[in-house]
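In: Quick one: sequence plus predicted model below, questions after.
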Amino acid sequence: MVIKQTDSQFKTLDQLKRHFYEKGWMVVKLPDPKPIYAARTALLTELRGLTGNNNITLEQYHQFIEDDSIHTDLQFQLTQFFWNNQWATKIIGAQLNFFKLFLGEDINIQSKPHLRITRPRKLKDNIGYHRDTFYSCSPFELSVLVPYVDVPAESTLSVLSGSHIRPESDFPLTQIENPEIIKGSVKHQLGFPYAPKMIDPSRTVNMQPVPLVLGEALIFSLATVHGSVENRGEVSRWSSDIRVVNALAPLNPSLKPDYYETLSRSVVTELANIYHKAQLTTPVSV
Ligand SMILES: O=C(O)CCC(=O)C(=O)O
Ligand SMILES: [Fe+2]
């Protein structure tokens with residue numbers, strides 16, 4: 001398995017685990033990038049079909065789609081295309097042995113991961129710096145950010161190394177009013193929080209951009225501070241952030257039951273599930 005860090009040094013699995021342990025994030029050259037290339041091609045074909053424009057590219061999307069409401073509409077249609085074709089399961093499923101090394105054999109995957117399209121100089125395409133534990137997510141959950149274009153430092157997501165183990169009290173928050181994002185709305189379904197919280201800017205001065213190329217993923221704990229404020233580069237950032245978690249990990253009890261779906265089960269868990277099902281169907285003996 002080939003594993004890469006942003007400093008271009010190839011690392012062993014132990015070094016990669018240590019990097020993740022210490023910083024709360026890692027960049028991995030995924031063992032099987034084929035489904036990522038296939039998803040990129042499918043997204044481009046779908047985009048061209050939806051716009052009726054054969055010259056549009058993912059990278060230069062912003063030069064064709066400037067209008068914000070047309071953009072939101074397209075992003076929603078492409079997101080549904082991404083969900084309906086199970087691209088997340090195809091991408092993560094192809095690297096299952098790698099993810100088992102971090103999460104164990106029992107893995108759940110987010111049913112409807114977000115497909116982000118962040119255009120240069122469109123501040124509203126970004127959700128800002130945050131840690132998903134602000135929104136009741138669990139530090140057992142990982143986000144796997146898979147780009148569909150090469151993303152240089154000016155256009156990428158940033159992370160705050162070491163933030164993943166710090167107490168919530170280290171990140172004072174302000175609740176922001178954002179009347180544009182209503183719970184359940186299209187923008188909310190696209191991954192824009194309806195009740196955003198802003199971290200005190202003095203705590204995010206050391207945010208570090210993580211450039212990525214096609215075939216890599218940025219993987220981080222949901223307790224790691226991350227996000228983007230502005231794409232200052234020349235390419236639109238296309239990426240999906242796919243959550244994965246150990247199926248037996250404690251999660252927010254109010255999480256919708258279909259938020260996650262099964263990706264893999266150990267033989268023991270599989271048998272335990274069969275045993276539990278049998279209790280429901282067997283007549284009670286007296
Ligand atoms: O890609 C982005 O802009 C945000 C990703 C994110 O917040 C996450 O993966 O939790
Ligand atoms: Fe996030």
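Out: Nice, I can see it. Ligands and ions are numbered 1, 2, ... in the order given.

In: Start from the N-terminal end of the stretch 51-200 of the chain and give the helices.
Out: With DSSP state H, counting those that start in this stretch as the criterion, the stretch 51-200 of the chain has helices at 61-64, 68-84, 87-93, 96-103, 186-189.

In: Those residues of the stretch 101-250 of the chain touching ligand 1, which are they?
Out: For the stretch 101-250 of the chain, the residues in contact with ligand 1 (C-beta under 6 Å from any ligand atom) are 116, 127, 132, 143, 145, 157, 226, 227, 228, 239, 241. For every residue, glycine as well, the C-beta is placed using N, CA and C.

In: Comparing the helices of the stretch 51-200 of the chain, which comes out most buried?
Out: Most buried of the helices of the stretch 51-200 of the chain by mean neighbour count (mean count of other C-beta atoms under 10 Å) is helix 87-93; its value is a mean of 21.

In: returning to what we had before: could the helices of the stretch 51-200 of the chain be laid out in JSON lines, adding mean pLDDT?
Out: Compiled in JSON lines, those are given as follows (pLDDT from 0 to 100):
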{"stretch": "helix 61-64", "mean pLDDT": "98"}
{"stretch": "helix 68-84", "mean pLDDT": "98"}
{"stretch": "helix 87-93", "mean pLDDT": "98"}
{"stretch": "helix 96-103", "mean pLDDT": "98"}
{"stretch": "helix 186-189", "mean pLDDT": "95"}
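
In: List only buried entries from the residues of the stretch 101-250 of the chain next to ligand 1.
Out: 116, 127, 132, 143, 145, 157, 226, 227, 228, 239, 241 (16 or more other C-beta atoms under 10 Å).

In: Provide the secondary structure category for the last one.
Out: Three-state secondary structure (criterion: DSSP: H, G, I helix; E, B strand; the rest coil) places residue 241 in strand.

In: Contact partners for it?
Out: 113, 114, 116, 143, 144, 145, 146, 191 (C-beta atoms under 8 Å, 6 or more residues apart in numbering).

In: gap between the last one and residue 75?
Out: When C-beta to C-beta, to the nearest Å is the yardstick, residue 191 and residue 75 sit 10 Å from each other.

In: Same question for residue 213.
Out: Here the criterion is C-beta to C-beta. By it, residue 213 lies 23 Å from residue 75.

In: Cool, thanks, talk later.
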